[in-house]
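Participant: curious how this folds, go ahead:
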Amino acid sequence: MNDPRSDPGLALLLSLLAVLAGCSGATGFDGTPTRSVTPVPVPTDATPASRATVPGLSPRGVENASLLAAAHARAFEDVPFTERTVTTVRDGEEVLGRQALVVRRGPEAFALSYALEEGPRSDARSFQVVAAEVWSDRRTTVQSVTDGDGSTRRARLSNVLYDDFVDPDARPYARTLERASLRRVGRRVVDGTARYVFAADDVLALPVFGLAGTIPTGNASLRAVVGADGAVYRVAVTYPAQYRGRSATVEHVFEYADVGTTTVPRPSWYDEAIENGTPTPGYRGEG
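Facilitator: You can find the predicted model right below:
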């Protein structure tokens with residue numbers, strides 16, 4: 001297998017995954033920090049004491065993004081989960097483009113999948129990654145990458161390349177909401193645990209919320225669901241935009257599912273990837 005540093009398809013995949021998975025220092029297409037996450041509050045029905053139990057939050061909203069992000073990470077630290085980040089651009093009912101990243105962390109292994117659909121996929125060049133899957137049990141890591149010409153490459157990789165991508169990280173969006181004007185609009189109980197629904201209008205439509213080529217034509221509305229412990233279960237951001245010369249609506253959704261029940265079996269192409277080889281000797285992080 002080629003050294004990943006000289007493989008443009010793999011290099012692009014790693015940068016895209018850094019953008020979508022929001023690992024430390026990751027940036028969006030324009031250099032904006034990314035990954036959808038976050039909580040918020042400005043209550044109507046909670047007592048001051050109950051508001052104070054949500055780390056980083058106060059009646060005025062997110063006041064300490066670092067505390068909130070740390071609480072989110074703690075909430076999912078040792079728990080299996082499925083995390084989805086999906087950005088969809090529509091003109092009415094027509095889907096113009098979609099980008100999705102799904103991270104699944106099970107008790108013994110993790111996996112992630114990345115995919116482009118509609119316009120971005122059909123216009124991709126031969127060296128651009130349009131779909132990818134990664135599976136690892138931290139002893140063996142395998143990857144399947146599909147390029148714009150439809151070719152698929154499968155191989156074994158260094159075990160450390162994707163380690164950070166399965167760690168929950170709310171920092172970028174906690175910081176974004178730190179500057180938003182938020183209000184609490186609902187409360188629900190799930191499995192005996194309280195979750196709060198927050199909303200915000202006139203939120204800045206950052207590029208990370210859209211696809212490459214998206215030009216916002218107005219501010220965004222936001223809706224988030226967060227637990228009393230700071231766990232962010234869902235964030236949805238919607239705003240009007242121009243996309244490829246057409247008026248469109250962008251919907252960016254981040255959500256957790258199958259918390260505590262996610263499992264990650266080996267992929268059907270595992271043996272093929274193993275047969276195709278291991279990283280180039282001497283490549284950083286080999287092992």
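Participant: in this protein, where is pLDDT below threshold?
Facilitator: The model of the chain has pLDDT under 70 over residues 1-53, 59-60, 164, 170, 172-173, 176-177, 278-287.
Participant: now with 80, please.
Facilitator: For the chain, applying pLDDT under 80 flags the ranges 1-54, 57-63, 65, 68, 126, 159-180, 182, 277-287.
Participant: which stretches in it count as strands?
Facilitator: 57-58, 61-62, 81-91, 94-105, 110-118, 129-136, 141-147, 152-157, 182-190, 193-203, 214-216, 220-227, 232-243, 246-257 (DSSP state E).
Participant: in a markdown table, list those along with distance to V264.
Facilitator: Every C-beta, even on glycine, is put in place using the N, C-alpha and C of the backbone. Shown next, in a markdown table, are these (distance: least, Cβ to Cβ, whole Å):
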| stretch | distance to V264 |
| --- | --- |
| strand 57-58 | 32 |
| strand 61-62 | 32 |
| strand 81-91 | 9 |
| strand 94-105 | 5 |
| strand 110-118 | 5 |
| strand 129-136 | 7 |
| strand 141-147 | 12 |
| strand 152-157 | 16 |
| strand 182-190 | 23 |
| strand 193-203 | 24 |
| strand 214-216 | 32 |
| strand 220-227 | 24 |
| strand 232-243 | 20 |
| strand 246-257 | 14 |
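Participant: buried deepest among these, which one?
Facilitator: Stretch with highest mean neighbour count among the strands of the chain: strand 61-62 (a mean of 24; mean count of other Cβ atoms under 10 Å).
Participant: show me what contacts A241?
Facilitator: Residues near A241 by Cβ atoms under 8 Å, 6 or more residues apart in numbering: 89, 205, 210, 214-217, 247-250.
Participant: which single one of the residues you listed is nearest to G150?
Facilitator: Taking Cβ to Cβ as the measure, G150 lies nearest V89 of the contacts of A241, at 23.0 Å.
Participant: check the gap between the closest one and V145 for me.
Facilitator: Noted for V89: a distance of 24 Å to V145, by Cβ to Cβ, to the nearest Å.
Participant: likewise S136?
Facilitator: 15 Å.
Participant: same deal with A248?
Facilitator: Taking Cβ to Cβ, one finds A248 at 29 Å from V145.
Participant: swap in A69?
Facilitator: Relative to V145, and taking Cβ to Cβ, A69 is found at 30 Å.
Participant: what's the answer for R188, then?
Facilitator: Following Cβ to Cβ, the distance that separates R188 from V145 is 40 Å.
Participant: just A131 next, same as before
Facilitator: A131 is 8 Å from V145, by Cβ to Cβ.
Participant: then Q128?
Facilitator: 10 Å.
Participant: again, but for L157
Facilitator: Taking Cβ to Cβ, one finds L157 at 10 Å from V145.
Participant: now V86
Facilitator: 20 Å.
Participant: again, but for D258
Facilitator: 25 Å.
Participant: please apply the same query to T88.
Facilitator: 23 Å.
Participant: likewise A224?
Facilitator: Applying Cβ to Cβ to A224 and V145 gives a distance of 33 Å.
Participant: now do T85
Facilitator: In terms of Cβ to Cβ, T85 sits 19 Å off from V145.
Participant: what sits against T87?
Facilitator: By Cβ under 8 Å, 6+ apart, the residues touching T87 are 98-100, 209-211, 250-253.
Participant: just list whatever residues bridge to it.
Facilitator: Q99, H252 (DSSP bridges).
Participant: quick revisit: which one of the strands of the chain lies closest to R175?
Facilitator: Here strand 61-62 is closest among the strands of the chain (Cβ to Cβ), at 8.5 Å.
Participant: what lines up beside the closest one in the sheet?
Facilitator: strand 57-58 (antiparallel).
Participant: so V142 sits right up against L112, yeah?
Facilitator: No - with contact defined as Cβ atoms under 8 Å, V142 does not reach L112; the gap is 11.9 Å.
Participant: between those two, which contacts overlap?
Facilitator: With Cβ under 8 Å, 6+ apart as the test, V142 and L112 both reach V134.
Participant: compute the number of surrounding residues for F165.
Facilitator: F165 is flanked by 23 other residues according to other Cβ atoms under 10 Å.
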